[in-house]
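K.L.:
dropping a prediction and its sequence here:
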Amino acid sequence: MDRLTTRADFLRAARGIRRVEGAITLETCKTPELAKPGRVRVGFTASKKIGNAVARNRAKRRLRAAARELLPLLGRGGHDYVLVARASTGDRPFPDLLSDITKALSAAHRKLDHA
């Protein structure tokens, strides 16, 4: 699993498919041809709407831990995923957070299959 680091990668994912589920927003798109083919790439973001730096960092840590568990199993190679924290991400029970990400991934993959 690789990390998204450039702003252009985040903006490309934001123009792709977006799914809101519980405490997260998932944005996904196909990886561009210039990147490593067949790899899952993931990025994390939390805006200032979440709270102060402590709250944003906590939300991103929880998203990274959930992605570490789920994306190797449910992610598709050749796709970029951005997990966006919402206000309840920091307080949501971890099993519920995992469920939210699983539901969002399955809904996004269904939409990708139809496109």
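P.N.:
Perfect, thanks for sending it.
K.L.:
setting aside sequence neighbours, what's the nearest residue to the most centrally placed residue in the chain?
P.N.:
For the chain, the residue nearest the mean C-alpha position is residue 83 (2.4 Å; C-alpha atoms, centre = their mean). Computed as C-beta to C-beta, 6 or more residues apart in numbering, the closest residue to residue 83 that is not its neighbour in sequence is residue 63, at 4.6 Å. No exception for glycine: its C-beta is placed from N, CA and C like everyone else's.
K.L.:
ok, the one you found touching residue 85?
P.N.:
Yes. Using C-beta atoms under 8 Å, residue 63 makes contact with residue 85 at a distance of 6.0 Å.
K.L.:
please enumerate the strands of the protein.
P.N.:
Ranges of strands within the chain are 2-3, 17-21, 24-30, 40-45, 79-85, based on DSSP state E.
K.L.:
out of those, deepest packed?
P.N.:
With neighbours taken as mean count of other C-beta atoms under 10 Å, the strands of the chain reach their highest mean count in strand 79-85, at a mean of 24.
K.L.:
and stretch 50-61, what's buried?
P.N.:
50, 51, 55, 56, 58, 59, 60 (16 or more other C-beta atoms under 10 Å).
K.L.:
quick revisit: looking at the strands of the chain, which has the lowest confidence?
P.N.:
Of all those, mean pLDDT reaches its minimum on strand 2-3 (a mean of 90).
K.L.:
pull up the pairing partners for that strand, direction included.
P.N.:
Partners of strand 2-3 in the sheet, by DSSP bridges, are strand 40-45 (parallel).
K.L.:
hmm, back to that, will you turn the strands of the chain into a markdown table that also has distance to residue 9?
P.N.:
Shown next, in a markdown table, are those (distance: least, C-beta to C-beta, whole Å):
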| stretch | distance to residue 9 |
| --- | --- |
| strand 2-3 | 9 |
| strand 17-21 | 15 |
| strand 24-30 | 9 |
| strand 40-45 | 7 |
| strand 79-85 | 6 |
